[in-house]
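1. With the input below, show me the fold.
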Amino acid sequence: MAATPQNPAASAPRRKVSRHRGEGQWAMGHYTPLNGNEQFKKDDDGLNVRTRIETIYSKRGFDSIDPNDLRGRMRWWGLYTQRKPGIDGGKTAVLEPEELDDKYFMLRVRIDGGKLTTQQLRVIGEISQEFARGSADITDRQNIQLHWIRIEDVPEIWNRLEAVGLSTTEACGDCPRVVIGSPVAGIAEDEIIDGSWAIDEIHERYIGSKEFSNLPRKFKTAISGSPLLDVVHEINDVAFVGVEHPEHGPGFDLWVGGGLSTNPKIGVRLGAWVPLAEVPEVWAGVVGIFRDYGYRRLRTRARLKFLVADWGPEKFRQVLQDEYLKRALVDGPAPAEPLSRWRDHVGVHRQQDGNFYVGFAPRVGRVDGATLAKIADLAEAHGSGRVRTTVEQKMIVLDVTEDQVESLVEALEALDLTAKPSPFRRGTMACTGIEYCKLAIVETKQRGSALIDELERRLPEFDEPLTINLNGCPNACARIQVADIGLKGQLVLNDQGEQVEGYQVHLGGALGLQAGFGRKVRGLKVTSEELPDYVERVLRRFQAEREDGERFATWASRADEEALS
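-> Residues are numbered from 1 along each chain as shown. As a prediction, the model looks like this:
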């Protein structure tokens, strides 16, 4: 072809043209689905699966469920298939999803702000006993999870939950998950500001709305006005943290971009102060940025933390103001140092109204349906009918009069739900683990409970705040990187060279104003059988070497590797 003014390239040598795929950001014009998850979300909104569950799947049974609904859209209604019993951790990453799936579901009940009435708690307990083989776990995001759920029973379960104001809407999926909040919002004497209205308003306006039902990945929110910084704000996609502005009074400091899993990042402050009345609007702006600018090409980079890391807080705030709020935010102060190293509200505490709330510690969040019903009975007998869940897998009974406190504490103790736990009982939490989770490699709940018993027996005088977090896989649902002792489940070799369940150890992680990730000692892996011996050994060294008032995390960051191994 001859060169012409209209075709100057005809005589030029050919060169390869590479087309930049982009990161799948809608705001940049990258709408083409770039992975299987984006395709099934484009094909049909996750919220739409409820109709099929009610009209088709619950009537025709498990085998009738479309695979994209089964392992995708059903999460928008709090449903995950659980792990088939008897599959060991070595096969977790080897088997296909359909080989790991049992024909039962985990069902997550959404509890925004951790707020429950005794009537609601009793209904969850009844559902557990009737439909879930008595199972119930309190999660570290204030929800309650049930197991062994049959698809045939799901519509009836929804009817019972919704009759008392509960739901499973967007409890999982690429959407706004439960909004965690201070469990003593509007109750605690020392509260800076009560964020309850904002949590309720966000839930009312946006949860179940298709405005935000197709996000790049899950989206986690925390709102608290407690000086204890009691909602792990540092590791949420967006967090509103109670502060006192010198000119404008109480409001919230805005954080974005936190998250753990295999690429942990501590959230960053935007330097903006948000009054209570503006929290829902600002929240929607942050979620809108995630929806429009979030990375959708690769699932491994689809969390907000990656966008925040690339943009930086200054650009993120500018885009939020210019494109979503259409106004400037007020500059504001950072939160103060937490008043206590324990942020779980366990124990007996005075309320604003002169009554008391009593926080207590189940074992690593594991309870059962019958126990939930008994807790509801105790709360009604000793309080006003209000209970709360916490982000540390604990529970709280509110509105206890002074003359009822001792009786309630004793009654809880009789149920093995102590309000006076040892540091080990108080500070140990565990994810679901291999018992039910298809991603897990090792067992966690029973291991964590047994570890508590061993440490209480071996170190009865230990009285320092300490967190021990057990996770069944690398995904960090139990926050291993920010624990004093974080235990990441994996298969390890024992002394006989056999492959057994064990843990990679993280030491010295922390949240609060000195937030940071735990240290990994080179080559340090512990078998499940050796775990009590290892933890005892490290804690005794800490006791022997610590300086006056030194926290475990501080000691672990400076100790030599020999002391930590």
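
2. Do I have it right that residue 184 meets residue 357?
-> Yes: applying Cβ atoms under 8 Å, one finds residue 184 in contact with residue 357, separated by 6.2 Å. All C-beta atoms are positioned from the backbone trio N, CA, C, and that covers glycine.

3. Show the subsequent helix or strand relative to the host helix or strand of residue 240.
-> Applying DSSP states H and E as the criterion places residue 240 in strand 238-245. Next along the chain after strand 238-245, taking DSSP H and E as the criterion, comes strand 249-256.

4. Next, the angle from the helix or strand following that next one to strand 249-256.
-> Once strand 249-256 ends, the next helix or strand along the chain (criterion: DSSP H and E) is strand 268-274. Interaxial angle of strand 268-274 relative to strand 249-256 (axes from the mean of the first three to the mean of the last three Cα atoms, to 10 degrees): 150 degrees.

5. Flag every buried residue along strand 268-274.
-> Neighbour-count burial for strand 268-274, with 16 or more other Cβ atoms under 10 Å as criterion, is recorded at 268-274.

6. Out of those, the closest to residue 331 would be?
-> Nearest to residue 331 among those: residue 271, at 5.8 Å, using Cβ to Cβ.

7. measure the closest one to residue 390 for me?
-> 29 Å (Cβ to Cβ, to the nearest Å).

8. related to what we said a few turns ago, who's in contact with the strand holding residue 240?
-> 191-193, 195, 198, 219-227, 229, 231, 233, 250-256, 258, 267, 273-274, 279, 282-283, 286-287, 304, 330, 332-336 (Cβ atoms under 8 Å, 6 or more residues apart in numbering).

9. swap the cut-off to 7 Å and go again
-> With Cβ atoms under 7 Å, 6 or more residues apart in numbering as the test, strand 238-245 has contacts from 192-193, 195, 221-226, 229, 233, 250-256, 258, 267, 273-274, 279, 283, 286, 332-333, 335.

10. Just checking: what are the partner strands of it?
-> With DSSP bridges as the test, strand 238-245 is paired with strand 219-224 (parallel), strand 249-256 (antiparallel).

11. Output that strand as PDB, nothing but the C-alphas.
-> What follows is strand 238-245, C-alpha atoms only, in PDB (Å, rounded to 0.1, in the frame of the first residue of the first chain):
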ATOM      1  CA  VAL A 238     -13.400   3.200  56.300                       C
ATOM      2  CA  ALA A 239     -13.600   4.200  59.900                       C
ATOM      3  CA  PHE A 240     -15.100   7.100  61.800                       C
ATOM      4  CA  VAL A 241     -13.300   7.600  65.200                       C
ATOM      5  CA  GLY A 242     -14.600   9.800  67.900                       C
ATOM      6  CA  VAL A 243     -12.700  13.000  68.600                       C
ATOM      7  CA  GLU A 244     -13.300  16.400  70.200                       C
ATOM      8  CA  HIS A 245     -12.600  19.200  67.800                       C
END
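
12. The stretch 401-550 of the chain: strands as residue ranges?
-> Using DSSP state E, counting those that start in this stretch, the strands of the stretch 401-550 of the chain run over residues 428-430, 468-471, 485-493, 499-507, 519-527.

13. in the first one, what counts as buried?
-> The reference is to strand 428-430. Neighbour-count burial for strand 428-430, counted by 16+ other Cβ under 10 Å, picks out 428-430.

14. Write down the beta-bridge partners of the closest residue to residue 530 other than its chain neighbours, one by one.
-> Leaving aside its sequence neighbours, residue 530 sits nearest to residue 502 (Cβ to Cβ, 6 or more residues apart in numbering; 7.7 Å). Counting by DSSP bridges, residue 502 forms beta bridges with residue 490, residue 527.

15. From what I see, residue 502 and residue 493 are in contact.
-> No: using Cβ atoms under 7 Å, residue 502 makes no contact with residue 493, being 8.4 Å away.

16. Looking at these two, which is more packed in?
-> Set side by side, residue 502 and residue 493 show more neighbours around residue 502, with 23 against 12, by other Cβ atoms under 10 Å.

17. Dump the strands of the stretch 401-550 of the chain into a markdown table; add mean pLDDT and distance to residue 205 as well.
-> Shown next, in a markdown table, are the strands of the stretch 401-550 of the chain (pLDDT from 0 to 100; distance: least, Cβ to Cβ, whole Å):
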| stretch | mean pLDDT | distance to residue 205 |
| --- | --- | --- |
| strand 428-430 | 97 | 32 |
| strand 468-471 | 97 | 34 |
| strand 485-493 | 95 | 36 |
| strand 499-507 | 95 | 38 |
| strand 519-527 | 90 | 42 |
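
18. Please tabulate those in CSV, including the columns distance to residue 458.
-> Rendered in CSV, the data for the strands of the stretch 401-550 of the chain read as follows (distance: least, Cβ to Cβ, whole Å):
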stretch, distance to residue 458
strand 428-430, 14
strand 468-471, 14
strand 485-493, 15
strand 499-507, 18
strand 519-527, 16
